[in-house]
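>>> dropping the sequence and predicted coords here.
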Amino acid sequence: MAWAKPTTMADPLILVDADACPVKDEIYKVALRYKIPVLLIANSFMRTPPHELITLKVVGSGFDEADDHVAELSRPNTVAITADILLAERCLKAGALVIAPNGKPFTEASIGGAIATRAIMQDLRDTAVGGPTGGPAPFSKEDRSRFLSALDQALVKLRRA
């Protein structure tokens with residue numbers, strides 16, 4: 001299916017770093033309610049609902065190819081969905097609103113702290129004695145609910161702008 005590209009740069013768009021995104025169904029639900037196009041960017045094919053507002057773009061599997069694509073397409077009037085902190089920073093610099101799948105918004109005020117925390121956690125993982133440490137907490141119903149609320153708020157903000 002061809003990308004339902006917004007007609008102007010001022011038209012809202014939801015960009016999704018889709019490969020490991022656990023809230024795709026929630027994104028579809030909210031986007032269809034607001035009639036806002038969704039562009040999922042992934043390294044491999046995945047099923048998407050057959051709707052003109054929902055498009056999957058499969059990019060190569062090279063390092064950061066999907067991230068590079070999301071960052072290149074980010075702009076004001078875009079909501080980018082990603083758990084990748086470094087990608088979130090790139091999207092923010094392009095003027096996009098950015099939300100993590102757990103509903104946490106990335107902002108200009110919070111991104112520096114998130115990057116620093118990421119670096120500290122990476123150092124801790126790299127120096128862990130006895131093997132790998134635990135990963136992130138399991139995705140919860142509260143995370144899903146918080147995400148739905150954050151996406152709704154972001155789209156209302158875009159519509160007002």
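On my side now, so go ahead.
>>> can you count the residues close to residue 75?
Residue 75 sits with 16 neighbouring residues when counted by other C-beta atoms under 10 Å. Every residue, glycine included, has its C-beta placed from N, CA and C.
>>> try residue 107
By the criterion of other C-beta under 10 Å, residue 107 has 12 neighbours.
>>> excluding its backbone neighbours, what's nearest it?
residue 92 (7.3 Å; C-beta to C-beta, 6 or more residues apart in numbering).
>>> for that neighbour, give me its contacts.
98, 106, 107, 108, 111 (C-beta atoms under 8 Å, 6 or more residues apart in numbering).
>>> and the pLDDT for the closest residue to residue 61 other than its chain neighbours?
Leaving aside its sequence neighbours, residue 61 sits nearest to residue 43 (C-beta to C-beta, 6+ apart; 4.7 Å). In this model, residue 43 is scored at 94, pLDDT.
>>> is residue 43 in contact with residue 59, as I believe?
Yes: when contacts are counted by C-beta atoms under 8 Å, residue 43 is listed as touching residue 59 (6.4 Å).
>>> residues shared between the contacts of those two?
With C-beta under 8 Å, 6+ apart as the test, residue 43 and residue 59 both reach 65, 66.
>>> where in this structure is the helix or strand with the lowest mean pLDDT?
helix 108-127 (a mean of 63; mean pLDDT, DSSP states H and E).
>>> who does whatever helix or strand comes next after that helix touch, helix- and strand-wise?
As assigned by DSSP states H and E, the chain's next helix or strand after helix 108-127 is helix 141-160. Contact analysis of helix 141-160 by 3 or more C-beta pairs under 8 Å, 6 or more residues apart in numbering; DSSP states H and E lists helix 24-34, strand 78-81, strand 97-99 as its packing neighbours.
>>> please repeat the previous calculation with a cut-off of 10 Å.
strand 13-17, helix 24-34, strand 78-81, strand 97-99, strand 105-106 (3 or more C-beta pairs under 10 Å, 6 or more residues apart in numbering; DSSP states H and E).
>>> mean pLDDT for these: which is lowest?
When I compare those, strand 105-106 is least confident, with a mean of 90.
>>> ok, now which ones touch the spatially most central residue of the chain?
Geometric centre of the chain, nearest residue: residue 81, 1.4 Å, by C-alpha atoms, centre = their mean. Contacts of residue 81 were listed using C-beta atoms under 10 Å, 6 or more residues apart in numbering, and they are 14-18, 21, 23-24, 26-27, 38, 40, 70, 88, 91, 97-101, 147, 150-151, 154.
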